[in-house]
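J.: pasting the sequence and the predicted coordinates here, then a few questions.
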Amino acid sequence: MVSEQILKSRTALRKELREARRALSAVQQEEAACGIAEQLHQLPLLNHARNIAGYLVNDGEVDLGPYIASQWQSTPSKQFALPVLHPVCKGHLLFLFYSSHTALVKNKYKINEPALSCQNVLPTSQCDVILMPLVGFDIKGNRLGMGGGYYDRTLAFTRTKRHSHDQLSPNNPKLVGIAHDIQEVKSLPIAPWDVPLDAIVTPTRTLIFNNT
Ligand SMILES: Nc1nc2c(c(=O)[nH]1)N(C=O)[C@@H](CNc1ccc(C(=O)N[C@@H](CCC(=O)O)C(=O)O)cc1)CN2
Ligand SMILES: Nc1ncnc2c1ncn2[C@@H]1O[C@H](COP(=O)(O)OP(=O)(O)OP(=O)(O)O)[C@@H](O)[C@H]1O
């Protein structure tokens, strides 16, 4: 059971951190997007990734646009996907392939997402890396999202231990949180359903965590 206190502090922190990222200027946002692209270009766990899930910028998040566009140009073998609110399994996400030709529609939160089409679904278990937008993070790798629980529910399967040696499956998608530097907090209240991240990338830093 998660205490009322923890839920309340998550809500208050979320509000504060969302306001802070929305208050960044256009120039700060551009610099952040460039910084993230540079950090991601150097991230070893993306080197051999073929299927990468990202997101389209919303609510002051770091824009992955420059990184995705540069990868489309330089490395066409990498395929990108975007989260789509699951039409049947409420509270879950689907990932749909994303190219410069993808038709986008707005979801109920007014975030652009690929128009639903079964043939364009990338099964979550086949994502090599998922770049997750963070509202907040701490240095231990704990994260705070938008509060819908979408990523936590969709990725809950990555927490199950499939091997007898008490190791998480090596085939699970690597989870990489993306955030502005100002979204770091000293310590984040943890919820039992939180999925552990493999890395957190900001425009100036990359933190790697050992989750095996
Ligand atoms: N860019 C991006 N895409 C994403 C996410 C994200 O965090 N960022 N998601 C990550 O999960 C999913 C959408 N989750 C969301 C959860 C809550 C709100 C939100 O704005 N909630 C409002 C209340 C809106 C309402 O209910 O009408 C709020 O809290 O003020 C938005 C998106 C899928 N796509
Ligand atoms: N694996 C799960 N199964 C069922 N409900 C869940 C699960 N994970 C999270 N939830 C529900 O989702 C709600 C929101 O969770 P939380 O506050 O951790 O969101 P978040 O991590 O900020 O959002 P997100 O995962 O979308 O980035 C919680 O109240 C919780 O009840």
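T.: Great, that's in hand. Ligands and ions are numbered 1, 2, ... in the order given.
J.: SS state for Tyr151?
T.: Per DSSP: H, G, I helix; E, B strand; the rest coil, the secondary structure class of Tyr151 is helix.
J.: quick one, what contacts it?
T.: Contact analysis of Tyr151 by Cβ atoms under 8 Å, 6 or more residues apart in numbering lists Leu93, Ile130, Met132, Gly145, Val195. For glycine as for every other residue, the C-beta is placed from the backbone atoms N, C-alpha and C.
J.: element containing the most centrally placed residue in the chain, please.
T.: The chain has Met132 as the residue nearest its centroid, 0.4 Å off, counting by Cα atoms, centre = their mean. Assignment of secondary structure by DSSP states H and E places Met132 within strand 129-133.
J.: where does the protein have low pLDDT?
T.: Judged by pLDDT under 70, the chain has its weakly predicted residues at 1-8, 161-170, 212.
J.: show me what the top helix by length along it is packed up against.
T.: Across the chain, the longest stretch assigned as helix under DSSP state H is helix 4-22. The contact analysis (3 or more Cβ pairs under 8 Å, 6 or more residues apart in numbering; DSSP states H and E) places helix 4-22 against strand 136-137, strand 143-144.
J.: to ligand 1, which of those lies closest?
T.: strand 143-144 (10.7 Å; Cβ to the nearest ligand atom).
J.: does ligand 1 sit close to the closest one?
T.: No: using Cβ under 6 Å from any ligand atom, strand 143-144 stays clear of ligand 1, coming no nearer than 10.7 Å.
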